[in-house]
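Chemist: Build me a model from this:
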Amino acid sequence: MQCFLLPKAVCVKLESIMNSFWWRNSTSSKGIHWSSWASLCLPKSHGGMGFRDMSKFNIALLAKQGWRILNNPSSLLARVMKARYFPKSDFMNASLGSSPSYTWRSIYSARGLLEQGIGWRVGTGLNISVWNDAWIPGNGDGRVHQNIDFRYPKVSDLIVPESNTWNHDLLCSLFDTAMVDRIRCIPLAKSKPPDELIWRGLCTGSYTPKSGYKLLLEEVIAKHTSSIDPRASLYSSFYKSLWDLNIPAKCKIFLWRLSKKFLPTFANLQQRRLQVRNTCPFCDSGAESVAHLAFSCPTMLQILEYVGLPPIPAYQSNDFGKLFATWFTQQNKIHQMLLSVSYWVIWYARNKLVHEGSTCSITKSAAHIRALILEFESLSSLSTPSVLPKNVKWTPPDCGVIKLNFDASFISSSHSSVSGVVARDSQGLIMAACTYPHTGIADAFVAEAVACERAVMLAIDLGFRSIQIEGDSLSVIKKLNSSAMDKSAISPIIRDILLLKSLFEAITFSFVGRTGNKAAHALAKLGLQQGEPQYWIEEAPVSIEQVVLQEYPS
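Modeler: Numbering: from 1, shown residues only. Okay, the predicted model is just below:
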C-alpha cells in the first residue's frame with residue numbers, strides 16, 4: 001500500500017473482512033452488522049471507531065512517495081521518474097503520460113492530496129504567487145480570496161527589501177484587517193532563505209500519512225456532521241468525555257454501542273425480523289428497547305441508585321441519543337466512570353439471565369460494579385509513576401561563561417508577545433536583563449523562538465564571547481541542537497539564530513524546566529506592563545532580583 005494503488009475491489013474485500021471480524025459473535029462466525037464500515041471509519045470524536053478507510057489510507061501512504069520526490073529530487077526514484085515522465089517540468093505539473101508504469105500511476109493518483117495540503121513557507125517570496133499559491137498560515141486553504149491586483153504578483157512585492165519586513169501600508173491597501181494580521185504573523189528571516197514547500201497540515205511542515213489521511217477524511221466528516229446542527233457540539237463533547245475515561249475499552253465500547261442503539265435488545269431483534277418475545281427480562285413489564293434499558297427499567301434504576309449515582313431523567317422524547325448524551329456530559333468524571341461500568345455490568349447480568357437463566361440480584365450486581373471500580377483504580381495507580389520529578393533549580397554556568405535565560409509572554413488577542421532575558425555569571429550575579437515587546441506573533445511557539453533570538457542579540461550587544469542560552473521551550477532548544485532540516489513555522493527564526501553562532505567563541509543551547517527558569521518567566525510577565533523595550537546592566541527590577549535570590553541553589 002506504500003508503493004502501489006490497490007484496486008477498489010481489494011480494498012472493499014479487506015474492509016469486509018475487518019467489518020465481519022468486528023461484529024462477529026464470540027461463539028460463532030456470524031453477527032449482526034449494526035453499522036456500515038464508512039460510519040465506523042469516522043473519528044471517535046464524531047461517533048465512529050477511528051478505523052481506516054483502506055482506499056483513502058492507500059492514497060495517504062502513496063502521497064508519501066510524492067512528497068519524497070518533491071523534497072529529495074536527487075534520489076534515485078525522483079531522478080528516474082523525472083527522466084521518464086516530467087523531464088521539462090516538476091512533479092506537481094507532470095502528466096500521467098502514455099503507457100505509464102503501475103508505479104507511476106500509483107504515485108500520480110496521490111498528487112491530488114498533495115495539491116490540497118501543500119503550501120509555501122515564505123523566504124524571499126520570489127517564487128510565491130500572491131493570488132494563486134497557498135502561503136497564508138492558519139485555517140482555510142492558505143490562499144488569498146480577495147480582489148486581484150496585478151501590480152503585485154509575487155509575495156516579494158509585499159516585503160520591504162532593505163529591512164526584510166512586511167510593508168504594512170501596502171498590506172493595508174490590498175487586504176482587509178484580518179488578512180493583514182495573518183500575513184504580519186509570518187516570520188521573515190534576515191538571512192533571506194529561499195522559499196520552500198511545506199505540508200500545511202502539521203506544525204513541523206513535513207508530510208506524514210496520518211496528516212494526509214486526516215485531510216482526506218474532512219470531506220467525509222462534513223457529510224455526516226453539519227456545522228449548523230445544534231447537536232453536533234453536544235455529541236462531540238459526549239464522545240470526548242467517553243473516550244477520555246480511564247476504564248477498560250470494553251466498557252467504553254459498550255457505552256458507545258448503547259448511545260448508538262447498537263445492542264441486540266429484543267426490540268432491535270424484532271426490527272430485524274427475528275422471532276423473539278419482546279419483554280424486558282428484568283422487569284417483565286415492557287418492551288426491551290435501548291431506551292427502556294437505559295432510562296426506564298426498575299431493576300436497572302435500583303442498581304444505579306444502590307451504587308450512588310444521581311437520579312436518571314425521565315425518558316419523554318424520541319431522541320434517545322440527544323437525551324443520553326446531554327445527561328452523560330452533565331456528570332462529573334467519577335459519575336461518568338461509574339455510569340459506564342454500571343451499564344456494562346447490567347448488560348452482563350442481562351445476558352446471564354437470558355442465555356443461562358441466572359437471576360439478577362441487585363446487591364450482587366452493585367457489588368460487582370464496586371469491585372470493578374476498585375480494580376480499575378488500583379491498576380491505574382500502579383501505572384502512574386510513584387516518584388515525582390524533582391524540583392529543578394537554576395544552576396550556574398562554568399567559569400568564564402555567561403548564562404542567558406529567556407522566556408516569553410504571549411497575548412493571543414493582539415498577536416503580540418514580550419521577551420524576558422536574564423544574564424548571569426558563574427557566581428549567579430546578574431550581568432544584564434531586558435524586556436522586549438514584539439508584534440505580529442502568530443502563537444506561543446513563535447513567541448518562545450523570538451525570545452531566544454532576543455537573548456542571543458542581547459549577548460552580542462554586550463560583547464559576551466562564551467554564552468549558554470537556556471529556556472523552558474523544549475521544541476525551540478531541540479531545533480537549535482538538531483542538524484535536520486526544519487520546515488516548521490519558526491524555521492526562519494531558527495535559521496537566523498544559527499547564523500549568529502559564528503559571532504561567539506562558544507555558544508550552547510540547553511533546556512531547563514519552568515522551576516529553573518523563574519527569573520526569566522517573571523521578567524516576561526513584568527514586561528507586559530511596559531510598552532517599550534527596557535534594559536538593565538548589572539542589575540534588574542527589585543522583584544526580579546528577589547526571584548534570582550530564591551532561584552540560586554543553596
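Chemist: only C-alpha atoms for contact and neighbour calcs from this point on.
Modeler: OK.
Chemist: pLDDT weak spots in the stretch 101-250 of the chain?
Modeler: 225-232 (pLDDT under 70).
Chemist: can we see that at 90?
Modeler: By pLDDT under 90, the weakly predicted segments of the stretch 101-250 of the chain are 137-142, 145-150, 161-164, 189-193, 201-205, 218-236, 246.
Chemist: Over to the stretch 351-500 of the chain?
Modeler: Using pLDDT under 90, the stretch 351-500 of the chain drops low at 354-366, 370, 373-393, 412-414, 442, 483-489.
Chemist: can you pull out the helices in the stretch 251-400 of the chain?
Modeler: Along the stretch 251-400 of the chain, counting by DSSP state H, counting those that start in this stretch, helices occupy 266-271, 290-291, 298-306, 320-329, 333-356, 362-383.
Chemist: Using CSV, lay out the ones you listed together with mean neighbour count and distance to residue 497.
Modeler: Shown next, in CSV, are the helices of the stretch 251-400 of the chain (neighbours: other Cα atoms under 10 Å; distance: least, Cα to Cα, whole Å):
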stretch, mean neighbour count, distance to residue 497
helix 266-271, 17, 65
helix 290-291, 22, 62
helix 298-306, 17, 61
helix 320-329, 18, 47
helix 333-356, 17, 46
helix 362-383, 14, 41
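Chemist: With distance to residue 477 added, can I get the ones you listed in CSV?
Modeler: Listed next are the helices of the stretch 251-400 of the chain as CSV, based on distance: least, Cα to Cα, whole Å:
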stretch, distance to residue 477
helix 266-271, 58
helix 290-291, 54
helix 298-306, 52
helix 320-329, 40
helix 333-356, 37
helix 362-383, 30
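Chemist: and of the ones you listed, who's closest to residue 237?
Modeler: Across the helices of the stretch 251-400 of the chain, residue 237 has its closest neighbour in helix 320-329 (7.0 Å, Cα to Cα).
Chemist: the inter-axis angle of that closest one versus helix 333-356?
Modeler: Helix 320-329 runs at 130 degrees relative to helix 333-356, counting by axes from the mean of the first three to the mean of the last three Cα atoms, to 10 degrees.
Chemist: other SSEs contacting helix 320-329?
Modeler: Helix 320-329 is packed against helix 232-243, helix 249-260, with contacts defined by 3 or more Cα pairs under 8 Å, 6 or more residues apart in numbering; DSSP states H and E.
Chemist: And those helices: which comes nearest residue 535?
Modeler: Per Cα to Cα, nearest to residue 535 of the helices and strands packed on helix 320-329: helix 232-243, 47.1 Å.
Chemist: Please list all residues in contact with the residue nearest to the spatial centre of the chain.
Modeler: In the chain, the centroid-proximal residue (Cα atoms, centre = their mean) is residue 202; its distance is 8.5 Å. Residues in contact with residue 202 (Cα atoms under 8 Å, 6 or more residues apart in numbering) are residue 211.
Chemist: Okay, and it sits in which element?
Modeler: Counting by DSSP states H and E, no helix or strand carries residue 202.
Chemist: out of the helices and strands packed on helix 320-329, nearest to residue 180?
Modeler: helix 232-243 (30.7 Å).
Chemist: same for that closest one, what does it pack against?
Modeler: Counting by 3+ Cα pairs under 8 Å, 6+ apart, helix 232-243 packs on helix 249-260, helix 320-329.
Chemist: quick one: the shortest one to helix 249-260, angle?
Modeler: Inter-element angle recorded for helix 320-329 and helix 249-260: 130 degrees (by the same axes, to 10 degrees).
Chemist: Distance check, the closest residue in space to residue 547 that isn't next to it in sequence against residue 405.
Modeler: With sequence-adjacent residues excluded and distances taken as Cα to Cα, 6 or more residues apart in numbering, residue 547 is closest to residue 519, at 5.7 Å. To residue 405, residue 519 is 8 Å away according to Cα to Cα, to the nearest Å.
Chemist: Now do the shared contacts for these two.
Modeler: Common neighbours of residue 519 and residue 405 (Cα under 8 Å, 6+ apart) are residue 422.
Chemist: ok so, going back, how about a markdown table for the helices and strands packed on helix 232-243, with distance to residue 148 added?
Modeler: Shown next, in a markdown table, are those (distance: least, Cα to Cα, whole Å):
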| stretch | distance to residue 148 |
| --- | --- |
| helix 249-260 | 49 |
| helix 320-329 | 46 |
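Chemist: Sticking with the closest residue to residue 72 other than its chain neighbours, tell me its helix or strand.
Modeler: Spatial nearest neighbour of residue 72, chain neighbours left out: residue 78 (7.0 Å); criterion: Cα to Cα, 6+ apart. Secondary structure from DSSP H and E places residue 78 in helix 76-85.
Chemist: pull the CA atoms of that helix into PDB?
Modeler: Extracted C-alpha coordinates of helix 76-85, given in PDB (Å, rounded to 0.1, in the frame of the first residue of the first chain):
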ATOM      1  CA  LEU A  76      17.200   7.500  -7.500                       C
ATOM      2  CA  LEU A  77      13.300   7.300  -7.600                       C
ATOM      3  CA  ALA A  78      13.000  11.000  -8.300                       C
ATOM      4  CA  ARG A  79      15.600  11.000 -11.000                       C
ATOM      5  CA  VAL A  80      14.100   8.000 -12.700                       C
ATOM      6  CA  MET A  81      10.600   9.400 -12.600                       C
ATOM      7  CA  LYS A  82      11.600  12.800 -13.800                       C
ATOM      8  CA  ALA A  83      13.600  11.400 -16.700                       C
ATOM      9  CA  ARG A  84      10.700   9.300 -17.800                       C
ATOM     10  CA  TYR A  85       7.600  11.300 -17.100                       C
END
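Chemist: and it, what other elements does it pack with?
Modeler: Here helix 76-85 touches helix 54-71, going by 3+ Cα pairs under 8 Å, 6+ apart.
Chemist: can you do 10 Å?
Modeler: Applying 3 or more Cα pairs under 10 Å, 6 or more residues apart in numbering; DSSP states H and E, one finds that helix 76-85 makes contact with helix 54-71, helix 102-109.
Chemist: List the contacts of residue 370.
Modeler: Going by Cα atoms under 10 Å, 6 or more residues apart in numbering, residue 370 touches 307, 338, 341-342, 364, 376.
Chemist: could you dump these to TSV with distance to residue 524?
Modeler: As requested, the contacts of residue 370 are exported to TSV (distance: Cα to Cα, whole Å):
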residue	distance to residue 524
307	50
338	44
341	47
342	50
364	59
376	43
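Chemist: Show me which pair in these is furthest apart.
Modeler: 364 and 376 (18.4 Å).
Chemist: residue boundaries of the strands in the stretch 101-250 of the chain?
Modeler: Assigned by DSSP state E, counting those that start in this stretch, the stretch 101-250 of the chain shows strands spanning 118-121, 159-160, 165-166, 196-199.
Chemist: Which residue ranges make up the domains of the chain?
Modeler: 8-116, 126-191, 232-383, 402-551 (automatic domain parsing).
Chemist: Report the distance from the last one to the chain centre.
Modeler: Which is domain 402-551. 26 Å (Cα atoms, centre = their mean, to the nearest Å).
Chemist: What of stretch 49-59?
Modeler: 19 Å.
Chemist: Start and end of it, how far apart?
Modeler: 20 Å.
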